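Colleague: attaching a predicted model along with its sequence, questions to come.
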Amino acid sequence: MAIDRRDFLKVAGLTTVIGLTGGGLELLRPGDLDASAPGHEPAAAPGAKQWGMLVDMSRKENWQACIEACHNLHNVPSIDDKKEEIKWIWQAPFQEVFPGSESAYMSDVMKARQFMVLCNHCAEPACVRVCPTKATFKRPEDGIVMMDMHRCIGCRFCMAGCPYGARSFNWREPRLDALTLKGGRKINLEYPTRERGVVEKCTFCAERVDEGKQPACVEATRNGGLVFGDLNDPHSEIRQLLRVKSTIRRKPEVGTNPSIFYVV
Ligand code: SF4
Ligand code: SF4
């Protein structure tokens, strides 16, 4: 796709900011999604939606508020032990989020920045391919990758298959943890708690999306840091933003076609 001088300068600026080496990083230029470059195009049945999200790290947001909105709504317990923690949306540094893309020339600001991470709701989800019971599946109507807790047998193949560490295993009885939520948190009686021995992860707030609402994390933003929308709709806000912003996605080389795009 041809890019004009302004677009070129934006791409060049991004390259300078994070010191890209070209290694493991896929840089999507403004409008690449329109051009349906191989590997960028949303994969879905005709007429289906493909929900996606733009994470704009250049926006000033209270990212912790986004995490709390999600975890409070979904009764995600607070567990200090990293080996047993449950997380649906969290923060991690650049080298963890985009491994292999850092360079010796990366700015200190970029090295220190914490990026928001959640399930990518991949168009080609590796987790779905390896699940032996179909407990994890992609909704054909909108591409949300879901969990059926009743079908999950706790084999954790999906955790091994996900290249992004987006899944958590309930080592403990989560209901007890939910009932002892820290910092005055209260259990949300309208959202089901899980069993010990099952895997869980972000659902793109499917229960809210089905009611025409935005995901809770998006609703918690104040300055457009998270934009949720249909990647298959060329008129959606997210597609319009992808037309003018340069973005990157996580681990493009693994071929999962993530639906989360980052402005860094
Ligand atoms: S990020 Fe991981 S858990 Fe989420 S859809 Fe992709 S492969 Fe599955
Ligand atoms: S989309 Fe919903 S479930 Fe996913 S991280 Fe945001 S608030 Fe949590």
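Modeller: Thanks, I have the structure now. Ligands and ions are numbered 1, 2, ... in the order given.
Colleague: who does the one helix or strand residue 52 maps to touch, helix- and strand-wise?
Modeller: Under the criterion of DSSP states H and E, residue 52 resides in strand 51-56. In terms of contacts (3 or more Cβ pairs under 8 Å, 6 or more residues apart in numbering; DSSP states H and E), strand 51-56 is packed against strand 114-118, strand 226-230, helix 237-244, strand 260-263. No exception for glycine: its C-beta is placed from N, CA and C like everyone else's.
Colleague: quick one: distance of that strand to the chain centre.
Modeller: 8 Å (Cα atoms, centre = their mean, to the nearest Å).
Colleague: now that strand against strand 114-118, angle please.
Modeller: 170 degrees (axes from the mean of the first three to the mean of the last three Cα atoms, to 10 degrees).
Colleague: residues in contact with strand 51-56?
Modeller: 42, 115-116, 118, 121, 142-144, 204, 209, 215, 218, 224-231, 238, 241-242, 245, 247, 259-263 (Cβ atoms under 8 Å, 6 or more residues apart in numbering).
Colleague: among those residues, which ones are buried?
Modeller: 42, 115-116, 118, 121, 142-144, 204, 209, 215, 218, 225-231, 238, 241-242, 245, 247, 259-263 (16 or more other Cβ atoms under 10 Å).
Colleague: filter those residues by proximity to ligand 2?
Modeller: 118, 204, 215 (Cβ under 6 Å from any ligand atom).
Colleague: ligand 1: which of those residues is nearest?
Modeller: residue 118 (8.1 Å; Cβ to the nearest ligand atom).
Colleague: how about that closest one, what does it touch?
Modeller: 53, 88-90, 166, 202, 217, 260.
Colleague: is it in a bridge, and if so with what?
Modeller: residue 89 (DSSP bridges).
Colleague: so what's the residue count around the residue in the stretch 1-150 of the chain positioned nearest to ligand 2?
Modeller: Closest residue of the stretch 1-150 of the chain to ligand 2, Cβ to the nearest ligand atom: residue 70 (3.0 Å). Residue 70 has 23 neighbours, counted by other Cβ atoms under 10 Å.
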